[in-house]
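> how does the following fold in three dimensions:
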Amino acid sequence: MQAVMASDYAIAQFRFLERLLLIHGHWCYRRITMMICYFFYKNITFGLTLFWFEYHPSFSAKPAYNDWYMSSYNVFFTSLPVIALGVFDQDVSARLCLK
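Predicted structure coming up:
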């Protein structure tokens, strides 16, 4: 009982372990890898546009975006794709993962 109280999560029976590891583990791994690639793409795109803008006016320290655009960029391009991917993404069915 103490092991269950000290753990992050516990399963009631070992028969649930197969589904947890094979199905949900596969889906979670795929979602994490897609989000890492997406965040690298998003940040590189944002950084390159800032660098290109600073190069164009000869590094005058003029802001490329006002604060409202930077905040909305991070809200829309960081939170919404994560929610959409978490809700809608299942590359293979649960039955196929168990095979």
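> remind me which helix or strand the residue most central in space within the chain belongs to.
When C-alpha atoms, centre = their mean is applied to the chain, the residue found nearest the centroid is M35 (3.3 Å). For M35, the element it lies in under DSSP states H and E is helix 25-55.
> what angle sits between whatever helix or strand comes next after that helix and helix 25-55?
Later in the chain than helix 25-55, the nearest helix or strand by DSSP H and E is helix 67-74. Angle, helix 67-74 to helix 25-55, by axes from the mean of the first three to the mean of the last three C-alpha atoms, to 10 degrees: 150 degrees.
> what helices or strands is whichever helix or strand comes after helix 67-74 leaning on?
Next along the chain after helix 67-74, taking DSSP H and E as the criterion, comes helix 80-88. Here helix 80-88 touches helix 25-55, going by 3 or more C-beta pairs under 8 Å, 6 or more residues apart in numbering; DSSP states H and E. Where C-beta positions appear, they are placed from N, C-alpha and C, glycine not excepted.
> quick one: buried residues of the helix it packs on?
By neighbour count on 16 or more other C-beta atoms under 10 Å, the buried set for helix 25-55 is H26, W27, R31, F46.
> what's the angle between the helix holding M35 and helix 80-88?
160 degrees.
> contact partners for R31?
Counting by C-beta atoms under 8 Å, 6 or more residues apart in numbering, R31 touches L85, G86, D89.
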